[in-house]
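Enquirer: Task: produce atomic coordinates for the following.
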Amino acid sequence: MFVWGCSPGKYQLKFDAQETCYLLRGKVKVYRKNSSEMISEFGAGDLVILPEGLSCTWDVSVAVDKHYKFESSSSS
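Expert: This next block holds a predicted model:
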């Protein structure tokens with residue numbers, strides 16, 4: 001598990017692997033990249049799974065602290 005945090009603002013993110021995260025604090029609205037379409041909203045206490053390949057904007061209204069991990073795809 002890793003820890004990440006950010007202050008309020010808008011952040012462009014792309015998930016190259018599936019991420020599972022638990023928000024310790026904060027409030028986020030997630031929009032599709034280059035769109036006004038909100039696809040999710042979550043905050044402190046929420047466990048969220050973000051799919052691999054998602055390109056989005058996080059609109060953070062309350063500073064975020066989260067624990068997260070990326071799922072590695074195993075190819076044998």
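Enquirer: could you measure G53 against L13, distance?
Expert: To L13, G53 is 12 Å away according to CB to CB, to the nearest Å. (C-beta placed from N, C-alpha, C; glycine too.)
Enquirer: In terms of neighbours, single out the busier of those two.
Expert: Between G53 and L13, L13 has the larger neighbour count (other CB atoms under 10 Å), namely 13 against 10.
Enquirer: where does the more buried one fall, helix, sheet strand or coil?
Expert: Recorded secondary structure, L13: strand (DSSP: H, G, I helix; E, B strand; the rest coil).
Enquirer: I figured it hits T57, correct?
Expert: Yes. If you go by CB atoms under 8 Å, L13 and T57 touch, sitting 7.5 Å apart.
Enquirer: What are the buried residues along stretch 56-67?
Expert: Residues of stretch 56-67 classed as buried by neighbour count (16 or more other CB atoms under 10 Å): 56-60, 64, 66.
Enquirer: can you pull out the strands in this structure?
Expert: Ranges of strands in the chain, per DSSP state E, are 2-6, 9-14, 19-32, 38-43, 47-50, 55-70.
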